[in-house]
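1. Dropping the sequence and predicted coords here.
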Amino acid sequence: MQIDLTALPEDSAALQSMIRDVVTATMQRDAQVAELSVENDKLRALIQKLLRHRFGRRSEQLSPDQLKLAIEDIEQEIAEREAAEDASAQSEEARRRRRDVRPRRNLGALPAHLPRDEVVIDIDSKECPCCGGALHLIDETRTEMLDIVPAQLRAKVIRRPRYGCRACGEAVVQAPAPERPIDGGMATEALLAHVVVSKFCDFLPLYRQSEMLKRQGITIDRSTLSDWVGRTCWWLRPLYDLTVSTVLSAPVLFADDTTLPVLDPGRGRTKTGRLWCYAVDPRTWKGPGHPAAAYIYSQNRKGEHPADFNGKLQVDGYTGFSALAKRRDGTIELVFCWAHCRRRFYEFHAATKSPLAAEALAQIATLYAIEAEIRGQPPQRRRAIRQQRSRPIVEALQTWLKATRARVSSASPLADAIGYMLRHWSGLVLFLDDGRLEIDTNVVERGMKGVAVARKNALFAGSDGAADHWAIALTLISTAKLNGVDPLAYLTDVLERLVSGSTKSHQLEQLLPWNWRPPGAVEAVPVAEAA
């Protein structure tokens, strides 16, 4: 509103009315400016989030793997420069001195179980260069280097001699043919395990494996490899079912899900299925049992999983879990994740450098520092320390969140982050009273990273049945890795035992990754029994 200062009214009432109009207009304009400022902050935060998603790192912290990539490049340059300096050294003594001053990494004795291929480098003449006398051996210099023999395909020939009786001329005796994993097929258990591990552990799609085999002169079509994977999963399904039921019987469980595109032939495109991961890791609180991860495929994201679980379920804020907990009449108690809450404050702070968001991040960081100190300790001690040190921080944070929410615009992303945290507060504080619980669901989220890589390489699963094969293979491979077991050796031996029938259906617990022992492994004898 414009005011002509040279033509102000003489009447005081008219002048007061004009001033009130000006003040009202100014207040309205200020309110509009504040609203636009909030909207700009919201749009700016959205733009920054999209830019980070498209061009930046995805997590709040720099990934250790990404950092290693940068360090590897630098180390490669240093190595090239040192190689040039070594080549320019004039004598062996100078090269030896250069080697002695370098950091000695990975130079310990090679493991005794490795086969040795010895190469003897001897002198041409055994005559003494001084007097011409005969030389005799007094010692030798032995140096070990790490070598590799590329993976080699070979033909496994099964010979079954037939015997006849000369006395009667009637009897013909021959040993029965061993069972094959694929009836009439040429793949051994080791090859099937290699294909499955390459696809679901090393993320090599079947068409790439087909090309790799072709380079060794073996032409196996991708569809044949697909058939092998399907039949292998048929053999492994009973063990998969046992692993899933074992995981779901745990009192504390982590849960998360991710998308899995699945080919939908009827519509000529892909549909979005879900892979649900349920993980248990008692190592963090010295609990009984073993770490394991169970994957379950579903055609949608309905909150119907896990069907056979009763206990405390550590999850993100997905509403389907809340609906599941209500339907189960309290048999499932939801424990929410602090990392998901922290991420919202982090994204807002990264876009706006807000001091309020920085304050929330600092308080959450204090909680994580305490968790790092007590990880791997018994649940009673974890609970006691949380009650003493973490609870005052959590209570102060709740008070701060409520006070801050009253000060910021409800349209701000900061208000959304605060509201999300307060809505889930009852599940966020449960970790304080139970030493078995973790502060976040990072255990299960780490299990989903491999799925993302495999999904990116494979693009989609060919059908709902094929997606179920993802769940079977990922369950057994991930659980084997969590227990320090080589997935290839494990699946090879498991298939051999199942196919041969040496392990019966009622003995499947022996083949669970934490119970499995390699062929020929000697069981450790307790000291008391040995005495």
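-> Structure's in. What do you need?
2. contacting residues for residue 422?
-> Contact analysis of residue 422 by Cβ atoms under 8 Å, 6 or more residues apart in numbering lists 398, 401-402, 405. From N, CA and C alone the C-beta is placed, and that goes for glycine too.
3. quick one: which two of these are the most distant?
-> 398 and 405 (10.9 Å; Cβ to Cβ).
4. Let me know the closest of the contacts of residue 422 to residue 286.
-> For these, the nearest to residue 286 is residue 398 (30.0 Å; Cβ to Cβ).
5. That closest one belongs to a helix, doesn't it?
-> Yes: assessed by DSSP: H, G, I helix; E, B strand; the rest coil, residue 398 belongs to a helix.
6. Now do it: how many residues are near it, please.
-> For residue 398, the neighbour count with other Cβ atoms under 10 Å is 15.
7. I'd like to know how far it sits from residue 388.
-> 18 Å (Cβ to Cβ, to the nearest Å).
8. now swap in residue 294 and tell me
-> For residue 294, the distance to residue 388 - Cβ to Cβ - is 35 Å.
9. try residue 148
-> According to Cβ to Cβ, residue 148 and residue 388 sit 54 Å apart.
10. As CSV, the contacts of residue 422 with distance to residue 143, secondary structure and pLDDT would be great.
-> Formatted as CSV, the contacts of residue 422 follow (distance: Cβ to Cβ, whole Å; DSSP: H, G, I helix; E, B strand; the rest coil; pLDDT from 0 to 100):
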residue, distance to residue 143, secondary structure, pLDDT
398, 65, helix, 96
401, 64, helix, 95
402, 69, helix, 95
405, 69, helix, 92
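11. picking that back up, neighbour count: residue 294 and residue 388, which is higher?
-> residue 294 (28 against 10).
12. What strand or helix carries that one?
-> strand 292-298 (DSSP states H and E).
13. what packs against that strand?
-> Contact here means 3 or more Cβ pairs under 8 Å, 6 or more residues apart in numbering; DSSP states H and E; on that basis strand 292-298 packs against helix 222-248, strand 269-280, helix 442-458, helix 464-482.
14. can you tell me which of those comes nearest to residue 432?
-> Across the helices and strands packed on strand 292-298 (criterion: Cβ to Cβ), the nearest stretch is helix 442-458, sitting at 18.1 Å.
15. what is the mean pLDDT for the closest one?
-> The average pLDDT within helix 442-458 is 69.
16. now swap in stretch 244-258 and tell me
-> 90.
17. what's the span of that stretch, first residue to last?
-> 18 Å (Cα to Cα, to the nearest Å).
18. Could you pull out the buried residues of that stretch?
-> 244, 246-248, 250, 252-258 (16 or more other Cβ atoms under 10 Å).
19. do stretch 357-366 as well
-> Buried residues in stretch 357-366 (16+ other Cβ under 10 Å): 357, 360-361, 363-364.
20. ok, now stretch 204-219?
-> 204-206, 209-210, 213.
21. Closest one of the residues you listed to residue 419?
-> So of these, ranked by how close each gets to residue 419 (Cβ to Cβ), first place is residue 205, at 42.6 Å.
22. Residue 465 versus that closest one, what's the distance?
-> 17 Å.
23. Could I get the full set of strands for the stretch 51-200 of the chain?
-> 162-164, 172-174 (DSSP state E, counting those that start in this stretch).
24. Give me the buried entries from the contacts of residue 422.
-> 401, 405.
25. TSV for the contacts of residue 422, including distance to residue 429?
-> Output for those, formatted as TSV (distance: Cβ to Cβ, whole Å):
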residue	distance to residue 429
398	8
401	12
402	14
405	18
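26. Tell me the one of the contacts of residue 422 nearest residue 512?
-> residue 398 (42.4 Å).
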